[in-house]
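Chemist: Below: sequence and its predicted model.
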Amino acid sequence: MKKANGIKILSALLVAMTTLCGCSGATNDSSSSSSATMSLEKSSSNDTSASSSATTSSEESSSADDSSSSDPYLEALNITYTLDEENHTYTVTGVKDKQAEDIDLSRELTIDNVIYVLVRIGDSAFSNCSSLTSITIPSSVTSIGELAFENCTQLQSVTFEPNSKLESIGGYAFKDCSSLIMISIPSSVTIIGESAFEGCNSLESLTLPFIDTYISYYFGASMYSSNAHYVPESLKTIIILGGTSIPVNAFSDCSFLKSVTIPSDIISIERYAFYNCSALESIIIPSSVTSMGEWAFYACVSLTIYCEALEEPEGWKQQSNDWNSHGRPVYWGINENTFIEKDGVQYVIRNEEASVTRYVGTSTNLEIPTTIEINENTYDVINIEKWAFDRSSSLISITIPSSVTYIGDYAFYGCSALSITIPNSVTVIRERAFYDCSSSAIYCEASEKPSGWASNWNYYGGIVYWGINENNFIEKDGIQYVIVNEKAVVTRYVGTSTNVEIPTTIEINEIAYDVTSIGEEAFEKCSSLTSIVISNSVTSIALYAFVRCTSLESIVIPDSVTSIGSSAFSVCDSLTIYCEASSKPSDWNDHWNSNDRPVYWGEEWHYDENGVPTLN
């Protein structure tokens, strides 16, 4: 009697504390002749039981005797299941309500003092559970049925317990789980059904036990040519746990992928496997890979390749000489003693020196260290290799240490809004190192171009300031200044504020300088900037100074400004300009307002009581 009462109390507490949930999941899993079907909803009057099975409702299960014919935890969640009495296992077949947010299936089921272990999540068991946000799947589960979690639109977390015995995932199992961000399928899985992740359009990271077909097969496509259309663009990271091959066209046209991890079991990478993965930043090829197909990395224009092999294997040459057809950087002999990634920066050790080989981070501000440590050995950071920061467009500022002496070809290609200081220690810069850095500010400690710098080192690059040191350069409140002829020039904005006020003076080493100029491209592409106040010490605004400040709403140009360059406010699509001058000064370029943004002159507006420009 006490035991029954205890179960009643526990069940009542669980019902009170747990938000009742369920789904319209199908309950079509049939039990064998030696199983008992347990339904936690009231049976209809015409239910019949087979000679070797029994059907029990939750109302009938609450009799006050020494045993219980249902599990209070599952009863509280209103989960339906079938029992295999012979093997002491059970299958979850569905739930009836739709309000539960978190479900943990990892506990064992106890009925009539017999422990049952969950081995299967049935077809459509949790389909349309639109409030479900997380679920824990125990290691005992061996299969997940078709459509098991279909249309669980709020599902964000799927946790598989360690040492999982899961073997198969049915087709469409996670279809339209549109909030799912990451999922790690256990290495024990040998079957993944078609379209298992179709409609998982928020997925950022996917761990697979193997890859034996084109990736979009798991997302609803019927052929590899649909990779670009079916795989969500949110997917940036794929980790492969096993298998022996990366198939033909496995990831072709996945131009959004940034990282793919290849396991040491892989023997071959087939042709076109990574074709046109244009955002793929780096990849490590294990020494187990003896065969490489043609055009395997074709059009991987952002890629740095790390190979564990000491040199190109003969099997790669025999298969194809075009596996790296775009000539991306390749580093051989990579192992735990010669390669490390730290703070998003990848380094390779060669000749007892550390080289920066690739940046894969997301930071906007980066400081490269003077030394890097690998396995308790310290190495000086000497080189920034070719393509190292290729298309790292999120970077706003980089600090290069005085240990660096070499910057390779195209090292900062496409870093379009960068602020960078090059120390005197850099004696060699190769061709087009700053190509397509047209909106960047490059501060050089050298007073002029060193002889070891290529003539086109800054081809289509940024604005260069020579002779920079602690006495003529400062950054304050996100604004960078250079002293020229005893006057301060605003050279670049690297801050995050939406509202900026340019001061009248700036102090460097206890010396005050008037801020008189806003330099070329100083605020270019500051798309979050909404307002700026220009002090009346400013006399000139250079060309393109505020180009592409697309959120800039208003600006007041004081009458101290006597010169404005061409296209100073180009592509400032939200801007209204208030000028203190009564008409355009003669030294303002005729195309200073090339986008014809609204302009109001001195007699047309005034400041209101809050200091806001207001039309008369």
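Modeler: Yep, it's here.

Chemist: What pLDDT does the model give Leu366?
Modeler: Looking at Leu366, its pLDDT reads 95.

Chemist: My error: substitute Ser52 in the last question.
Modeler: 34.

Chemist: now do Ala16
Modeler: 37.

Chemist: and if you look at the one 5 residues further on?
Modeler: According to the predicted model, the pLDDT of Cys21 comes to 39.

Chemist: same thing with the one 10 residues further on?
Modeler: Ser31 is assigned 38 on the pLDDT scale.

Chemist: Report how many residues lie close to Ile518.
Modeler: By other Cβ atoms under 10 Å, the residues close to Ile518 number 27. Just so you know, the C-beta spots here come from the backbone N, C-alpha and C atoms, and that holds for glycine as well.

Chemist: swap that for Ser287, sorry
Modeler: 14.

Chemist: quick one: it is in a strand?
Modeler: No: Ser287: not assigned to a strand; according to DSSP: H, G, I helix; E, B strand; the rest coil it is coil.

Chemist: pretty sure it is touching Ala309, no?
Modeler: Yes: counting by Cβ atoms under 8 Å, Ser287 sits close enough to Ala309 to count as a contact (5.2 Å).

Chemist: Tell me the secondary structure of the residue nearest to Tyr275 when sequence neighbours are not counted, please.
Modeler: Sequence neighbours aside, Ser252 is the residue nearest to Tyr275 in space, at 3.9 Å (criterion: Cβ to Cβ, 6 or more residues apart in numbering). Using three-state DSSP, the structure places Ser252 in coil.

Chemist: Could you tell me how far Ser252 is located from Pro232?
Modeler: 16 Å (Cβ to Cβ, to the nearest Å).

Chemist: quick one: contacts for Val360?
Modeler: By Cβ atoms under 8 Å, 6 or more residues apart in numbering, Val360 lies in contact with Lys258, Ser259, Glu281, Ser282, Glu341, Gly344, Val345, Gln346.

Chemist: Ignore what I typed, I meant Gly315.
Modeler: Contacts for Gly315 (Cβ under 8 Å, 6+ apart) come out as Thr290, Ser291, Met292.

Chemist: what pairs with Trp453 across the strands?
Modeler: Per DSSP bridges, the residues bridged to Trp453 are Ile429.

Chemist: how much space between Lys317 and Val248?
Modeler: Distance from Lys317 to Val248, by Cβ to Cβ: 19 Å.

Chemist: Give me the more crowded residue out of the two.
Modeler: Neighbours per residue, other Cβ under 10 Å: of Lys317 and Val248, the larger number sits with Val248, 17 against 11.

Chemist: Number of residues surrounding Gln154?
Modeler: Residues within reach of Gln154, counting by other Cβ under 10 Å, total 15.

Chemist: shouldn't it be in contact with Asn128?
Modeler: No: counting by Cβ under 8 Å, Gln154 stays clear of Asn128, with 11.4 Å between them.

Chemist: now the strands for the stretch 151-300 of the chain?
Modeler: For the stretch 151-300 of the chain, the strands defined by DSSP state E, counting those that start in this stretch occupy 157-160, 168-169, 182-184, 191-192, 205-208, 237-240, 245-246, 259-261, 268-269, 282-285, 291-292.

Chemist: And for the stretch 501-616 of the chain?
Modeler: 505-508, 511-518, 531-533, 540-541, 554-557, 563-564, 576-579, 599-600, 605-607, 613-615.

Chemist: mind checking which of the ones you listed is nearest Val189?
Modeler: Evaluated with Cβ to Cβ, the strands of the stretch 501-616 of the chain place strand 531-533 nearest to Val189, the distance being 54.6 Å.

Chemist: Report the buried residues of that closest one.
Modeler: Within strand 531-533, the residues scored as buried using 16 or more other Cβ atoms under 10 Å are Ile532.

Chemist: Secondary structure element holding the residue nearest to Arg430 when sequence neighbours are not counted?
Modeler: Among residues not flanking Arg430 along the chain, Asp409 sits closest, at 4.3 Å (Cβ to Cβ, 6+ apart). Per DSSP states H and E, Asp409 falls between elements, in no helix or strand.

Chemist: ok, Ser439 - contacts?
Modeler: Ser416, Ala417, Leu418, Gly462, Glu521, Glu524, Lys525.
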